[in-house]
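Peer 1: Build me a structure from this.
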Amino acid sequence: MIETRGVTHRYGDDDAVPVLRDVSIRIPDGEFLVLAGANGSGKSTLIRQFNGLLTPDEGEVLVDGAPVGDDLVRARTRVGMVFQEPRDCFVAATVARDVAFGPENLGLDRAEVDRRVAESLAAVNMADRGGERIDRLSGGEQERVAVAGALAMEPDHLVLDEPFTGLDEPARGSVLDRLVDLHRDGTGVVLVTHDLRDVLGPADRLVVLSDGEVAVDGEPDEAVDRLDGLPVRRPDGC
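Peer 2: Predicted coordinates:
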């Protein structure tokens with residue numbers, strides 16, 4: 001469970017305009033949540049509260065009932081994060097070495113690291129590509145490596161910030177298919193996007209931020225009817 005209670009966040013001093021204003025949401029284990037909103041709505045700022053990359057000015061954030069700040073390692077193990085530009089976060093030249101980085105830094109033994117790497121790469125359909133150089137992969141393949149790296153930490157929740165940026169339609173579909181499979185196997189997914197095409201089918205819930213506040217929160221079928229006036233790309237046909 002990820003929970004934010006009255007979270008407010010500013011960049012700058014106390015007189016700065018809040019990027020988030022009194023945001024309270026609960027994300028149960030195993031839920032597929034789509035978090036939508038325009039650029040500047042506060043989406044990225046919100047998810048960075050989930051594992052302590054940012055700290056709220058007001059309110060609190062809990063993972064499995066414990067404040068994130070009490071144990072950052074625990075929070076970052078429970079909540080895996082994939083950023084908008086994964087190529088900026090790679091730390092190794094080859095696929096398997098990069099995926100292994102997180103588990104190695106948990107101090108796990110070699111056999112456990114190897115198991116996690118193998119299972120994570122299999123989950124994104126890259127089981128036989130561990131020795132390939134990351135800089136020679138396509139954008140969609142790099143995104144899948146980033147997902148595998150997060151999965152290797154065996155998180156309860158996988159949070160992805162605009163994972164489709166720069167991807168063509170086949171790559172977008174491939175990444176989304178992998179997320180659907182992971183959700184089906186029990187991993188919670190938080191998908192951050194400004195573009196609702198294709199993503200509401202597998203979603204359990206849609207939350208839309210506008211000007212740092214929750215504007216819509218509900219099941220996709222009914223929430224999509226409340227998008228009028230909000231700057232998000234609506235699903236085709238809606």
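
Peer 1: residues contacting the spatially most central residue of the chain?
Peer 2: By C-alpha atoms, centre = their mean, the chain has its centre lying nearest to Val159, at 1.6 Å. Residues in contact with Val159 (C-beta atoms under 8 Å, 6 or more residues apart in numbering) are Ile47, Phe50, Val79, Gly80, Met81, Val82, Val190, Val192. No exception for glycine: its C-beta is placed from N, CA and C like everyone else's.

Peer 1: What distance do you get for it to Arg76?
Peer 2: Val159 sits at a distance of 11 Å from Arg76 (criterion: C-beta to C-beta, to the nearest Å).

Peer 1: what do you get for Arg205?
Peer 2: Counting by C-beta to C-beta, the gap from Arg205 to Arg76 is 23 Å.

Peer 1: Specify the local secondary structure of the residue nearest to the centre of the chain.
Peer 2: strand (DSSP: H, G, I helix; E, B strand; the rest coil).

Peer 1: who does the longest helix anywhere in the chain touch, helix- and strand-wise?
Peer 2: Identified as the longest helix of the chain according to DSSP state H is helix 169-184. Applying 3 or more C-beta pairs under 8 Å, 6 or more residues apart in numbering; DSSP states H and E, we find helix 169-184 packed against helix 110-123, helix 139-151, strand 157-161, strand 188-193.

Peer 1: Could you tell me which residues within the first one count as buried?
Peer 2: When you say that, I think you mean helix 110-123. Val113, Arg116, Val117, Ser120, Leu121, Ala123 (16 or more other C-beta atoms under 10 Å).

Peer 1: Convert that helix to PDB, retaining C-alpha atoms only.
Peer 2: The C-alpha trace of helix 110-123 is given here as PDB (Å, rounded to 0.1, in the frame of the first residue of the first chain):
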ATOM      1  CA  ARG A 110      25.600 -13.900  -6.400                       C
ATOM      2  CA  ALA A 111      23.100 -16.700  -6.800                       C
ATOM      3  CA  GLU A 112      20.200 -14.500  -5.700                       C
ATOM      4  CA  VAL A 113      21.400 -11.600  -8.000                       C
ATOM      5  CA  ASP A 114      21.600 -13.900 -10.900                       C
ATOM      6  CA  ARG A 115      18.200 -15.300 -10.200                       C
ATOM      7  CA  ARG A 116      16.600 -11.900 -10.100                       C
ATOM      8  CA  VAL A 117      18.400 -10.700 -13.300                       C
ATOM      9  CA  ALA A 118      17.300 -13.800 -15.200                       C
ATOM     10  CA  GLU A 119      13.600 -13.600 -14.000                       C
ATOM     11  CA  SER A 120      13.400  -9.900 -14.600                       C
ATOM     12  CA  LEU A 121      14.800 -10.100 -18.200                       C
ATOM     13  CA  ALA A 122      12.400 -13.000 -18.900                       C
ATOM     14  CA  ALA A 123       9.500 -10.900 -17.700                       C
END
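
Peer 1: What residues sit buried inside the lowest-mean-pLDDT helix or strand in the chain?
Peer 2: Ranked by mean pLDDT, DSSP states H and E, the weakest helix or strand in the chain is helix 169-184, scoring a mean of 86. For helix 169-184, burial by neighbour count (16+ other C-beta under 10 Å) applies to Ala171, Arg172, Ser174, Val175, Leu176, Arg178, Leu179, Val180, Leu182, His183.
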